[in-house]
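Undergrad: Just a sequence and a predicted model for now, questions to come.
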Amino acid sequence: MKKILFAAMLMFASTSFAQHAIGSLTIQPKVGLSIANITKGDNNDPRWSGVAGAEFEYQATDMFSISAGALYSMQGAKNSGTTVKLDYINVPILANVYVAKGLAIKLGIQPGFNVNSKVSGNEGIFTYSSSFDAKTLDLSIPVGISYEYNNFVIDGRYNWGTTKIIDGSDSKNSVFQVTLGYKFEL
């Protein structure tokens, strides 16, 4: 029995999981849905919006790759007719571990640079929109999973905010993203 288990583990360990050759570099344009919220808010609803950009991936081994990219991410929250818009250029830097052919688990770090911070809404017949001073840098920890088939990649990711959005508040970003992309080999 031990020999059978050892043989199965050896076959499993020698299986190639990555879709691309070791040492290859790919670029993946992607677009998707962003479901964002702000922690510590009273009765906040998520802001449903978009995310788009591209990521590069270097395939280091059969089971391990490193990726980095730039994504325009619309984040924020809604509350009682008011929408808080926090838009960022996020730079995800991820370690990808392929646990099965085309299936990767992702973990990394993501600095985000605020490019838009507005509050808008309406009270009765009045509408308003104004900017506010959000912190320029937002740091988060992305955790996710992706599946690749014929160079199409579906990616689900949670970005756990670790820095405060504005001074004087403990509120942080909390973002779930689902994207669809296509990998081109370089």
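TA: Received, thanks.
Undergrad: in the sheet, who's paired with the residue nearest to the spatial centre of the chain?
TA: Centroid-nearest residue in the chain: residue 157, 4.6 Å away (criterion: C-alpha atoms, centre = their mean). Taking DSSP bridges, one obtains residue 144, residue 177 as the residues bridged to residue 157.
Undergrad: pLDDT value on it, please?
TA: Taken from the predicted model, the pLDDT recorded for residue 157 is 98.
Undergrad: which ones are touching it?
TA: By C-beta atoms under 8 Å, 6 or more residues apart in numbering, the residues touching residue 157 are 92, 106, 142-145, 176-179. Where you see a C-beta, it was placed from the backbone N, CA and C, and this is true even at glycine.
Undergrad: Check residue 53 too.
TA: Residue 53 makes contacts with 29-30, 69-72, 90, as judged by C-beta under 8 Å, 6+ apart.
Undergrad: Mark which of the residues you listed are buried, thanks.
TA: With burial judged by 16 or more other C-beta atoms under 10 Å, the buried subset of those is 30, 69, 71-72, 90.
Undergrad: what's the closest of those residues to residue 57?
TA: residue 69 (8.6 Å; C-beta to C-beta).
Undergrad: Please name the residues that touch that closest one.
TA: With contacts defined as C-beta under 8 Å, 6+ apart, residue 69 is in contact with 28, 53-56, 91-92.
Undergrad: max-length strand in this protein?
TA: When the chain is scanned for its longest strand (criterion: DSSP state E), the result is strand 103-123.
Undergrad: which residues of this protein fall in strands?
TA: Listed in chain order (using DSSP E), the strands of the chain are 25-38, 45-59, 64-79, 82-90, 93-100, 103-123, 126-131, 137-149, 152-161, 173-182, 184-185.
Undergrad: Distance to residue 167 added to these, as a markdown table?
TA: Putting the strands of the chain into a markdown table (distance: least, C-beta to C-beta, whole Å) gives the following:
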| stretch | distance to residue 167 |
| --- | --- |
| strand 25-38 | 15 |
| strand 45-59 | 22 |
| strand 64-79 | 17 |
| strand 82-90 | 15 |
| strand 93-100 | 26 |
| strand 103-123 | 13 |
| strand 126-131 | 15 |
| strand 137-149 | 13 |
| strand 152-161 | 15 |
| strand 173-182 | 15 |
| strand 184-185 | 42 |
